[in-house]
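Peer 1: attaching a predicted model along with its sequence, questions to come.
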Protein chains: 4
Amino acid sequence: MKAAIVGVTGYTGIELVRLIHQHPSLTLGTLHSHSMHKNSISELYPHLQQLCEQEVEAYDAEKIMKNNDIVFFATPSGISKDLVHEFVAQDFPVIDLSGDLRLKDLESYQKWYKKDPTTQDIVDKAIYALPEFSAIKGNLLSNPGCYATAAILSLVPVLKEQLIDLDTIILDGKSGLSGAGKQLSDSSHYVTVDENMTMYKLNQHQHIPEIIQFLQTFDSSLSTIQFTTSLIPIKRGIFMTLYAKIKPNVTSEQIQQAFDKHYQSKPFVRVQPTGCLPELRQVTGTNFCDIGFGVNEENQTLTVVAVIDNLMKGAAGQAIQNFNLWAGLEETCGLTQVPLFP
Amino acid sequence: MKAAIVGVTGYTGIELVRLIHQHPSLTLGTLHSHSMHKNSISELYPHLQQLCEQEVEAYDAEKIMKNNDIVFFATPSGISKDLVHEFVAQDFPVIDLSGDLRLKDLESYQKWYKKDPTTQDIVDKAIYALPEFSAIKGNLLSNPGCYATAAILSLVPVLKEQLIDLDTIILDGKSGLSGAGKQLSDSSHYVTVDENMTMYKLNQHQHIPEIIQFLQTFDSSLSTIQFTTSLIPIKRGIFMTLYAKIKPNVTSEQIQQAFDKHYQSKPFVRVQPTGCLPELRQVTGTNFCDIGFGVNEENQTLTVVAVIDNLMKGAAGQAIQNFNLWAGLEETCGLTQVPLFP
Amino acid sequence: MKAAIVGVTGYTGIELVRLIHQHPSLTLGTLHSHSMHKNSISELYPHLQQLCEQEVEAYDAEKIMKNNDIVFFATPSGISKDLVHEFVAQDFPVIDLSGDLRLKDLESYQKWYKKDPTTQDIVDKAIYALPEFSAIKGNLLSNPGCYATAAILSLVPVLKEQLIDLDTIILDGKSGLSGAGKQLSDSSHYVTVDENMTMYKLNQHQHIPEIIQFLQTFDSSLSTIQFTTSLIPIKRGIFMTLYAKIKPNVTSEQIQQAFDKHYQSKPFVRVQPTGCLPELRQVTGTNFCDIGFGVNEENQTLTVVAVIDNLMKGAAGQAIQNFNLWAGLEETCGLTQVPLFP
Amino acid sequence: MKAAIVGVTGYTGIELVRLIHQHPSLTLGTLHSHSMHKNSISELYPHLQQLCEQEVEAYDAEKIMKNNDIVFFATPSGISKDLVHEFVAQDFPVIDLSGDLRLKDLESYQKWYKKDPTTQDIVDKAIYALPEFSAIKGNLLSNPGCYATAAILSLVPVLKEQLIDLDTIILDGKSGLSGAGKQLSDSSHYVTVDENMTMYKLNQHQHIPEIIQFLQTFDSSLSTIQFTTSLIPIKRGIFMTLYAKIKPNVTSEQIQQAFDKHYQSKPFVRVQPTGCLPELRQVTGTNFCDIGFGVNEENQTLTVVAVIDNLMKGAAGQAIQNFNLWAGLEETCGLTQVPLFP
């Protein structure tokens, strides 16, 4: 099968190139960019010289459908919501990595993304494709956000097993700079980021409604979460910390069992041994979400640490995982390479 | 007045050298180190060439008292608890920057520091010298811990004004590597730290009892806090995030007023304008603690961000601030230089 | 005396604020920016809250001259060449930190800076103010470039003492990102810089003609140098390596003597003990240029390492040093603080 | 075929694990460590959980030969020189990544490594396995040093084509910290490395004799080179700069042709288009050596920049390349994955 990538010159697009290049059942079809076409991808990204030298083309939906079996949208939010119609009309398979199709409520999209939404039929059709907890089916998959993936994977087991008080949930996420994309701003200048840490979009991050919407499918009584996001001086990775009060008499063993139960058959979630917290670099370059936790018995507080690579399990890796499931392949197909370390 | 520094070759010791060098009313007396004496300090630290070339001497209590007016202990925990007796016996002024004299309960020291404590009369005599909330008097000052300083400054105004539920307090601290000192370990190797983030000592950090002990002086009903610490790839700085549920009907304005009220006359706490969160680098090299906050009205959660330089307001800077108050000088004396930036 | 700063919002401008703030004989006059005026400087740079809260004003030459005793131009190249005329006409003291007044040959400026030059009378009047080797006099001082400062200080002693073959000079300079200024570009994005090193402007850096022009004042037979510049992932600092063949029978002792002779009375050049090379961080935040060297007797090659802080000895610090000399003050006035370390 | 790794817990050993894991014709045999055996490799390196969980065993030559087809020594210098005898005696295939077998002259080893050498018959038998210029044959391959690889690949084409003056060669190498290995020292502490650059082992680096020895096979008149090494704050990568005077009338075109001629059939050397210099990150995680150059016609100086990943083309990647050639496989087998980027 051949895959087209729209928005190939962004960090997520180039990560898809890497993953598809090494995938045994998927090959690179056509590559597309609005702004940087007419170059080979290796002129834009010299690390690809001799490895991948395809031309980057202008966007052309007809050509994409003609020459590929599936299309990945690795575009910033606000693009695929309009472009996707043509593909849906012909039932052509789409995996959208942007935020455009995640929210079922159009007003919510308008509120959090400050953009006009796509149409209701599109979002109704789109599957929120978090493969550990969603059935991956149909030809319109909406890939979750990076923070949202780490948050949801931290929470669902203890939420489903009713081990925590829902109104005490606090999610404190830290991200590397690739999560903010390639666009230039004062806040991504090297001199600003280096030796610094900043919290941004407090109570305003667009992943908040996506997390709540998905968690409500497990417990409809949940209506709000506390969620904060910060930038730390690294390239890749999300370090998500969840705090919540455990319910009376809940034990550390029950927490461990909850995680084990929900993830023992999930190849990309590695629950750490009791008492061990994962460090960020152990998932860099992989599709894993590694999870560890601790319980403070003095104040009945659960601390969960979940780490992912924002471009992998938080974006392109999860998209390939979704592709595998969609295509009926092994879920881990093309995703089990030992990562670069250190 | 002349100051001796014991443990001058550590990061905190060398920061004291910097601050005393620029202080208008305090000069460097004798410098001491157990392991690295018989060199000039500028041989050990070439940045000091031509600026400060004093010899580092072996430790000698008699000589220290003879040649100086005050002694700063910048030693790791476990040293000053024994050495301090000789100075106390002669009522010689001591500012101890280690954790040895902070806890009034000797068993608690034993439990959290895994070392034999000093004697009860010493800890009874020692003032926990957080100058925004302590009266700085007497000749035995115990300088607070770096995380503890940021935690306490975040909390006291909203705690004293009874704006938050005490049992919902969560403190999530991130620190640069200088906070862990100079000793070599796998966890301080460049290759381990770079592009990584790790949480450590979950529910076991020795600053926990110090924070609780001090907060209890404002509200004795507080008995526990949730407190976590992580390392991020920077040299200097603590980024402390406090989460707590606000009490019913508490408004953002009340929070702002609480901070303003308690800090308007405090020269080293800069409360940010409403809606502004401080970034870490704005305090690097300074003795400031900058504080900002946000209230999430949907879930009644207060988020406070407090940033300090762990070697300044978290250690040497606060020690000089304490010295100023102890000596009857202006609190800001020698501490108002514009910092290096960027 | 009061100093105005034009271009105060750049890295060099803000470093001038720091230095003037701590200077015993110079105070901040008016602050100017084309693009960011009407704010207080502490709104733009929150680290300055409560330390320096002056308003940033639009540029106004008349007002500057009326309210100040001297003006520092910390503007990018291409600005002061036009603005300076008004000040020169009234013989108002100017220290220009940009490249606009450094080259005596107008065509050379045109060639290397790709901009129209100022007028011949202006460049004739301007002193190339490298205070270790220039007489600082007159009211128009042109502050040397950062790379040029490190290069010249590495070279002059061995060149004047005729210890090296002039046609074998190679200068290999590495710089932190603050050297490239605040403007946004792909090459200053955090994700581009982190874990990377790049060489740029090979044989095209605009400091080349400035270095040659100044070295020719010591040996007119020198007509070319090999000079390269690279970016490394740090904020501040230049690490300059000089290679040259020593003349027959020249010894390591002669090299050491040459450096000692030329710098023993120079307070800001710290020649390292024989066999010791300086590391970059030992000058961060200081006005020092630290120099060490080694001789390879097998191939008669001299290696010199010179390190400076590009914003200090490479820009603002040197400008204050020049001010001190111009004003008849002690050369080191306001420049001998112990720097932040680590 | 199965490969044993001795010294698997070092950075090079763990990189061999990564490469062998993804190799189509080689699988991991037994893993060995002197100090850290009795654990699974994934306990030591949590990133390997579920990917590679083999036990690390104590060293046992007999067992290695019994259970594997080849052994890789990824040990520090000073180990394999003794251990290798047993394998050579049985003509068991060995690829040694340490410096122990590189120098043909035993006194030179003694001088540069400060250790007793192995025996002459061993070094006589060992092939210096730089596959672009060596015939890879026999059962004892000595993998070149990281700096040496970058230096030699920069130099050979222009040296063989007699385009440069041999006595003007200067090699200025910069390396990330993984090149210095895992051992703890002040110089690898995060606080020392961050925001710093240091030159080390000036005229004393143990790769010097290895480079000269190999270059002499192309031009015996070469007897010395100027070679310096520095540490920059990154994890991985070598940025090697070569300077040399070109011979009279040599043109930039001739340089380009020399590189093209020697590398057009070499899959792991990517000569950049004329005028383009490679940046370090474009080879991170790959086995490529990317080379670009510029000629300064004013002073007849050639500047060549060669970048490699020190753990790949500088160590483990090159070892696999050598294995491929030794085993009669395609040279690029298992080495053409698109690397992690950014």
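Peer 2: Right, received. Where do you want to start?
Peer 1: buried residues, the longest helix along chain A. List them.
Peer 2: The longest helix of chain A (DSSP state H) is helix A:146-160. Using 16 or more other Cβ atoms under 10 Å in any protein chain shown as the test for burial, helix A:146-160 gives A:146-159. Where you see a C-beta, it was placed from the backbone N, CA and C, and this is true even at glycine.
Peer 1: near chain D, which residues of the stretch 1-150 of chain A show up?
Peer 2: Proximity of the stretch 1-150 of chain A to chain D, by Cβ under 8 Å from any Cβ of the partner chain, involves residues A:11, A:14-15, A:17-18, A:21-22, A:45-52.
Peer 1: now for those: which two are most distant?
Peer 2: The distance between the two most remote of those (Cβ to Cβ) is 21.6 Å, for A:Tyr11 and A:Gln50.
Peer 1: what about the two, which has more around it?
Peer 2: Set A:Tyr11 next to A:Gln50 and count neighbours by other Cβ atoms under 10 Å in any protein chain shown: A:Tyr11 wins out with 23 against 13.
Peer 1: right, and that one touches A:Met312 too?
Peer 2: No. Counting by Cβ atoms under 8 Å, A:Tyr11 stays clear of A:Met312, with 11.2 Å between them.
Peer 1: quick check: neighbours shared by these two?
Peer 2: Here A:Tyr11 and A:Met312 share no contacting residue, scored by Cβ atoms under 8 Å, 6 or more residues apart in numbering or on different chains.
Peer 1: re earlier: and the longest helix of chain A with chain C, contact?
Peer 2: No. For helix A:146-160, no contact with chain C is found by Cβ under 8 Å from any Cβ; the gap never falls below 14.8 Å.
Peer 1: please enumerate the strands of the stretch 1-150 of chain A.
Peer 2: A:2-6, A:27-32, A:56-57, A:70-73, A:94-96, A:127-128, A:140-142 (DSSP state E, counting those that start in this stretch).
Peer 1: will you turn the ones you listed into TSV that also has mean pLDDT and mean neighbour count?
Peer 2: As requested, the strands of the stretch 1-150 of chain A are exported to TSV (pLDDT from 0 to 100; neighbours: other Cβ atoms under 10 Å in any protein chain shown):
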stretch	mean pLDDT	mean neighbour count
strand A:2-6	98	25
strand A:27-32	98	21
strand A:56-57	96	20
strand A:70-73	98	26
strand A:94-96	98	27
strand A:127-128	98	20
strand A:140-142	98	26
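Peer 1: quick one: closest of the ones you listed to chain B.
Peer 2: Nearest of these to chain B, taken as Cβ to the nearest Cβ: strand A:127-128 at 21.8 Å.
Peer 1: contact partners of the closest one?
Peer 2: A:102, A:134-138, A:140-142, A:144, A:210, A:213-214.
Peer 1: go again using 10 Å as the cut-off
Peer 2: Around strand A:127-128, the neighbours that count as contacts under Cβ atoms under 10 Å, 6 or more residues apart in numbering or on different chains are A:95, A:101-104, A:134-144, A:148, A:152, A:210, A:213-214, A:217, A:322, A:326.
Peer 1: show me which of the residues you listed are buried.
Peer 2: A:95, A:101-104, A:134, A:136, A:139-144, A:148, A:152, A:210, A:213-214, A:322, A:326.
Peer 1: next one: the residue of the stretch 51-200 of chain A found nearest chain D from A:Ala74, what distance?
Peer 2: Nearest residue of the stretch 51-200 of chain A to chain D (Cβ to the nearest Cβ) works out as A:Leu51 at 5.2 Å. A:Leu51 sits 19 Å away from A:Ala74, going by Cβ to Cβ, to the nearest Å.
Peer 1: over to A:Ser188?
Peer 2: A:Ser188 sits 18 Å away from A:Ala74, going by Cβ to Cβ.
Peer 1: with A:Ile64 instead?
Peer 2: As judged by Cβ to Cβ, A:Ile64 and A:Ala74 stand 13 Å apart.
Peer 1: what touches both of those two?
Peer 2: The contact sets of A:Ile64 and A:Ala74 overlap at A:5-6, A:32 (Cβ under 10 Å, 6+ apart).
Peer 1: A:Glu161 touches A:Gln256, doesn't it?
Peer 2: No. Using Cβ atoms under 10 Å as the test, A:Glu161 is too far from A:Gln256 to be in contact (11.2 Å).
Peer 1: contacts only, for the residue of chain A positioned farthest from its centre.
Peer 2: Relative to the C-alpha centroid of chain A, counting by Cα atoms, centre = their mean, A:Glu298 is the outermost residue, at 34.6 Å. Residues in contact with A:Glu298, defined by Cβ under 10 Å, 6+ apart, are B:203, B:208, B:212, B:223-226.
Peer 1: same deal with A:Gln213?
Peer 2: Contacts of A:Gln213 by Cβ under 10 Å, 6+ apart are A:102-105, A:108, A:128, A:148.
Peer 1: gap between it and A:Ala319?
Peer 2: 20 Å.
Peer 1: what about the helices in chain A?
Peer 2: A:11-21, A:41-44, A:61-67, A:80-89, A:106-113, A:120-125, A:146-160, A:190-193, A:207-215, A:252-263, A:316-326.
Peer 1: tell me which residues in the fourth one are buried?
Peer 2: In terms of neighbour count (16+ other Cβ under 10 Å), helix A:80-89 has its buried residues at A:80-81, A:83-84, A:87-88.
Peer 1: quickly list the domain ranges of chain A.
Peer 2: Using automatic domain parsing, the domain ranges for chain A come out as A:2-143+A:315-326, A:147-308.
Peer 1: what is the end-to-end distance of the first one?
Peer 2: According to Cα to Cα, to the nearest Å, domain A:2-143+A:315-326 extends 14 Å from its N-terminal end residue to its C-terminal end residue.
Peer 1: chain center to that domain, what's the gap?
Peer 2: Relative to its chain's centre, domain A:2-143+A:315-326 lies at 13 Å (Cα atoms, centre = their mean, to the nearest Å).
Peer 1: chain D contacts on the stretch 201-342 of chain A?
Peer 2: Contacts of the stretch 201-342 of chain A with chain D, taken as Cβ under 10 Å from any Cβ of the partner chain, map to A:233, A:235-236, A:267-268, A:270-273, A:276, A:278-279, A:281-286, A:288, A:290, A:292, A:309, A:311-312, A:332, A:336-342.
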